[in-house]
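Student: need a 3D model of the following:
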Amino acid sequence: MEPRDFTLDELRPYDGTEGKPLCIAVNHIVYDVTKGRNFYGPGGPYAMLAGRDGSRALAKMSLDKSDVRDEWDDLNDLTPFQRDSLSEWEMKFQTRYAELGKLLKTREKEE
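Tutor: The predicted model follows:
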């Protein structure tokens, strides 16, 4: 995949269904996790994170669907422990997967 920034709506199709690439946002950075299809692809243990912002779920070490939000999450309410956990996950993603770009709250309209 070519590097680019994503909004949540633009990220959602990259869930690995129908042979599509897999992407996950971690701490507002989007990663191509296609090579981790066994983990993040359909039927995988972390499939609920594919095409989504997985930050809160990873920070809380949670597979509860309520921790994968459909709206922008500024993560301001995470505890210090959860922030440390998220940083550790971010380092893991940085070393294993290609960084594609940022997760944007909104995309500026071109005039």
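Student: which one is Cys23 nearest to, not counting chain neighbours?
Tutor: Tyr14 (3.8 Å; C-beta to C-beta, 6 or more residues apart in numbering). Where C-beta positions appear, they are placed from N, C-alpha and C, glycine not excepted.
Student: contacts only, for that neighbour.
Tutor: Lys20, Pro21, Leu22, Cys23, Ala50, Gly51 (C-beta atoms under 8 Å, 6 or more residues apart in numbering).
Student: just send those back as JSON lines, with secondary structure too.
Tutor: Output for these, formatted as JSON lines (DSSP: H, G, I helix; E, B strand; the rest coil):
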{"residue": "Lys20", "secondary structure": "coil"}
{"residue": "Pro21", "secondary structure": "coil"}
{"residue": "Leu22", "secondary structure": "strand"}
{"residue": "Cys23", "secondary structure": "strand"}
{"residue": "Ala50", "secondary structure": "coil"}
{"residue": "Gly51", "secondary structure": "coil"}
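Student: and the strands in the protein?
Tutor: Under the criterion DSSP state E, strands of the chain are mapped to 6-7, 23-26, 29-32, 52-53, 98-104.
Student: residues touching the fourth one, excluding its own?
Tutor: Read that as strand 52-53. Contacts for strand 52-53 (C-beta under 8 Å, 6+ apart): Leu8, Leu11, Arg12, Asp15, Ile24, Ala25, His28, Val68, Arg69, Asp73, Leu103.
Student: isn't the second one up against Gly51?
Tutor: Yes: with contact defined as C-beta atoms under 8 Å, Leu11 and Gly51 form a contacting pair (5.7 Å).
Student: between the two, what contacts are shared?
Tutor: Common neighbours of Leu11 and Gly51 (C-beta under 8 Å, 6+ apart) are Cys23.
Student: more crowded one of the two?
Tutor: Using other C-beta atoms under 10 Å as the criterion, Leu11 and Gly51 rank with Gly51 on top: 25 against 21.
Student: tally of neighbours for the residue nearest to that one when sequence neighbours are not counted?
Tutor: Leaving aside its sequence neighbours, Gly51 sits nearest to Asp15 (C-beta to C-beta, 6+ apart; 3.5 Å). Neighbours of Asp15 under the rule other C-beta under 10 Å: 21.
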